[in-house]
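K.L.:
Everything below, folded, please.
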Amino acid sequence: MKIRKNKNYTSILLEEFTPQEATKAQAKRSEIEKSGENCVIKPSPKKWIEALKLNSRLVSDCEMGESYRILGVLFTVVKIDTTKTCCNCNAVTFEYYKQGELTQTGGCFGFYQIYRVLFENAFEAVTGTLLYF
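P.N.:
Sure thing, here's the model as predicted:
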């Protein structure tokens with residue numbers, strides 16, 4: 001985790017995409033915000049690009065029942081709408097646990113990588129707060 005001071009806010013850059021790193025970043029953000037500064041958490045650009053290259057499978061290629069683990073959160077494909085009403089791709093619904101409750105997220109994600117689509121949901125499930133890009 002790196003901390004960068006910007007003109008009007010502080011950025012916490014995630015260098016590892018693990019639940020422990022996300023929790024540490026959230027604790028650091030709380031500490032910084034107590035001092036009255038604005039703070040955002042986001043992935044470091046270099047590590048984000050590396051992660052997307054390693055996890056390049058597209059949402060439109062998902063199949064029913066497949067599972068993906070991001071930041072320790074298990075996402076399972078529970079529904080695929082093949083009507084292709086949006087942008088000529090399948091609308092996919094994922095199910096995962098967020099703070100002990102079974103939650104669903106989904107929609108037409110275009111031709112994005114699975115990792116890119118689910119990373120923010122995984123971060124929120126681990127820390128209880130939103131990830132800001």
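
K.L.:
Most distant residue from the centre of the protein?
P.N.:
Most distant from the centre of the chain: Ser35, at 26.9 Å, with distances by C-alpha atoms, centre = their mean.

K.L.:
all strands of this protein, in order?
P.N.:
Using DSSP state E, the strands found in the chain span residues 2-5, 10-14, 39-43, 67-70, 73-81, 91-98, 101-107.

K.L.:
Identify the residue nearest the geometric centre of this protein.
P.N.:
Computing the C-alpha centroid of the chain and ranking residues by C-alpha atoms, centre = their mean puts Phe119 first, at 1.4 Å.

K.L.:
Is it correct that that residue is in contact with Arg69?
P.N.:
No - look at Phe119 against Arg69 with C-beta atoms under 8 Å: they stay out of range, at 11.9 Å. Quick note: C-beta positions are derived from backbone N, CA and C, even for glycine.

K.L.:
And Thr76, how far from Tyr112?
P.N.:
Distance of Thr76 to Tyr112, computed by C-beta to C-beta, to the nearest Å: 18 Å.

K.L.:
same thing with Lys34?
P.N.:
From Lys34 across to Tyr112, the span is 35 Å (C-beta to C-beta).

K.L.:
ok, those two, which is more surrounded?
P.N.:
Counted by other C-beta atoms under 10 Å, Lys34 and Tyr112 do not tie: Tyr112 has more neighbours, with 14 against 8.

K.L.:
dump the residue contacts of the more buried one.
P.N.:
Leu58, Val59 (C-beta atoms under 8 Å, 6 or more residues apart in numbering).

K.L.:
now with 6 Å?
P.N.:
By C-beta atoms under 6 Å, 6 or more residues apart in numbering, Tyr112 lies in contact with Val59.

K.L.:
Quick check: pLDDT value at it.
P.N.:
At Tyr112, the model reports a pLDDT of 79.
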